[in-house]
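Peer 1: coords below, sequence missing:
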DNA sequence: GCGTATGTTCAAAAATTATTGAAACATAAG
DNA sequence: CTTATGTTTCAATAATTTTTGAACATACGC
């Protein structure tokens, strides 16, 4: 039943085997995956973040891939997402060209960045649209009730647009 | 090229043809669909809500289906979703068993209800989980840094759970 | 009480989104 | 310049979510 006596302790190029997640690490991942789901962040991204979050030291690419059992592509894309949203930081061990990853100190700040990146573009794109719609409604014989609704909607949109930039400085440039 | 002289003004059971969305209605739908997307609300639901929002009078099932060009199933499920989240109200014309739909007066309140329904269950389910995880981490020789992170996480979770019920009375029972 | 207008359900199909893995790419070290 | 290592890209596949439509329920007006 066991594989045919794999060369034991093969030197040099043996792929180092990685520990599967502990029960608690797995449970934490469930938590992060669930929360991420609300904002439409994919499971793999949440799992990566969760692993970093529960790790005392920075974690490198291969460890992420190995412990989570996911493909290189997913790890790369997941880290890109997290990087782009300012949710992780890399440190480089001297004498190695391998990057090692940590969660950004403030999860709260990360969340705001994430939220902003989802909501702001939608608000911005909608702004001229709402103006046009409202103007159109006022032009034609639209009902006062509808005009009232559209006016409120546009006011909201404008207020949200003002509010967002106040929450945190815009994402640092890479 | 035109269909073979369809019986014009067929009496009684002719399916009444519905006007397609005006340019402005369509643009408003784009707005709602985009916003809904952030919370993972399906396109069809957002389209229905948008139509009601832009309509001076309450709209019935067939009109929704006809003007949006969607299936009965989608309209039924979409209205169910909106109903369940307190986002629409129905009025019945006397002498007809047909329901006609309107958006709930406060979009803000609707949004809070929607948010709650997405976030609260996740928070509640996570609570005991986080307790276990933290207890586990403290038991074993987990790093102080990780324990600190998990503690913050649990504190957040607890605070959010307290905060949510304050935002609005729980959804009225159907 | 019927017969039918009005809605609902749910399995199957379509559409969308996430993941994989192999090949391309980048670059530090030799 | 060449190689070895580490990462990204992206077309193909897999997984998930949404939509459809026809069969099924219900209750209302007659």
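Peer 2: Looks like it arrived, so ask away. If you're wondering where the values come from, they're calculated on a predicted model, not measured in any experiment.
Peer 1: run through who's touching stretch A:35-43.
Peer 2: With contacts defined as Cβ atoms under 8 Å, 6 or more residues apart in numbering or on different chains, stretch A:35-43 is touched by A:33, A:45-46, A:49, A:78, A:81, A:114-115, A:118, B:37-40, B:118-119, B:122, B:126. C-beta: built from backbone N, CA, C; applies to glycine.
Peer 1: in chain A, which spans are helices?
Peer 2: A:23-38, A:43-53, A:61-68, A:72-84, A:107-139, A:144-167 (DSSP state H).
Peer 1: turn these into CSV, including mean neighbour count and distance to residue B:28.
Peer 2: CSV is the format used below for these (neighbours: other Cβ atoms under 10 Å in any protein chain shown; distance: least, Cβ to Cβ, whole Å):
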stretch, mean neighbour count, distance to residue B:28
helix A:23-38, 19, 25
helix A:43-53, 23, 32
helix A:61-68, 18, 42
helix A:72-84, 16, 31
helix A:107-139, 16, 5
helix A:144-167, 14, 8
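Peer 1: which among those is found nearest to residue B:137?
Peer 2: helix A:23-38 (6.5 Å; Cβ to Cβ).
Peer 1: does DNA strand C sit close to that closest one?
Peer 2: No: on the criterion Cβ under 7 Å from any atom of the strand, helix A:23-38 is out of touch with DNA strand C, staying 9.0 Å away.
Peer 1: could you check the angle that helix makes with helix B:23-38?
Peer 2: 170 degrees (axes from the mean of the first three to the mean of the last three Cα atoms, to 10 degrees).
Peer 1: tilt between helix A:23-38 and helix A:61-68?
Peer 2: 100 degrees.
Peer 1: run through the residues of chain A sitting next to chain B.
Peer 2: Residues of chain A found near chain B (Cβ under 8 Å from any Cβ of the partner chain) are A:23-24, A:27-28, A:30-31, A:34-35, A:37-40, A:53-56, A:103, A:107, A:118-119, A:122, A:125-126, A:129-130, A:132-133, A:136-137, A:142-143, A:145-146, A:149-150, A:152-153, A:156.
Peer 1: how about the most centrally placed residue in chain A, nearest residue that isn't a chain neighbour?
Peer 2: Central residue of chain A (Cα atoms, centre = their mean): residue A:82, 4.7 Å from the mean position. Spatially, and ignoring its direct neighbours in sequence, residue A:82 is nearest to residue A:88 (4.3 Å; Cβ to Cβ, 6 or more residues apart in numbering or on different chains).
Peer 1: contacting residues around the one you found?
Peer 2: Counting by Cβ under 8 Å, 6+ apart, residue A:88 has contacts A:49, A:52, A:79, A:82, A:101-104.
Peer 1: 7 Å instead, please
Peer 2: Applying Cβ atoms under 7 Å, 6 or more residues apart in numbering or on different chains, we find residue A:88 in contact with A:52, A:79, A:82, A:101-104.
Peer 1: check these one by one and keep those near DNA strand D.
Peer 2: Contacts with DNA strand D within the contacts of residue A:88, as defined by Cβ under 7 Å from any atom of the strand: residue A:79.
Peer 1: considering the contacts of residue A:88, which is situated nearest to chain B?
Peer 2: Of all the contacts of residue A:88, chain B sits closest to residue A:103, with 7.7 Å by Cβ to the nearest Cβ.
Peer 1: how does chain A divide up, domain by domain?
Peer 2: Domain assignment for chain A, taken from automatic domain parsing, gives A:23-104, A:108-167.
Peer 1: got those domains as TSV, with distance to residue B:69 and mean pLDDT columns?
Peer 2: Formatted as TSV, the domains of chain A follow (distance: least, Cβ to Cβ, whole Å; pLDDT from 0 to 100):
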stretch	distance to residue B:69	mean pLDDT
domain A:23-104	26	95
domain A:108-167	21	91
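Peer 1: save the ones you listed as a markdown table, and put in distance to residue B:71 too.
Peer 2: Output for the domains of chain A, formatted as a markdown table (distance: least, Cβ to Cβ, whole Å):
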| stretch | distance to residue B:71 |
| --- | --- |
| domain A:23-104 | 25 |
| domain A:108-167 | 27 |
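Peer 1: what about the residue in chain A sticking out farthest from the centre, distance to DNA strand D?
Peer 2: In terms of distance from the mean C-alpha position of chain A, residue A:141 ranks first, at 45.3 Å (Cα atoms, centre = their mean). For residue A:141, the distance to DNA strand D (Cβ to the nearest atom of the strand, to the nearest Å) stands at 31 Å.
Peer 1: kindly report the same for residue A:23.
Peer 2: 21 Å.
Peer 1: ok, and the closest non-adjacent residue to that residue?
Peer 2: In space, residue A:23 is closest to residue B:136, 7.5 Å off (Cβ to Cβ, 6+ apart).
Peer 1: can the helices of chain A go into TSV with extra columns for distance to residue B:70?
Peer 2: Listed next are those as TSV, based on distance: least, Cβ to Cβ, whole Å:
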stretch	distance to residue B:70
helix A:23-38	26
helix A:43-53	29
helix A:61-68	39
helix A:72-84	33
helix A:107-139	22
helix A:144-167	22
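Peer 1: need the contact list for the closest residue in space to residue A:151 that isn't next to it in sequence.
Peer 2: Spatially, and ignoring its direct neighbours in sequence, residue A:151 is nearest to residue A:134 (6.5 Å; Cβ to Cβ, 6+ apart). Residue A:134 is in contact with A:150-151, A:154, counting by Cβ under 7 Å, 6+ apart.
Peer 1: just to revisit the earlier point, if we look at DNA strand D, which of the contacts of stretch A:35-43 are close to it?
Peer 2: residue B:40.
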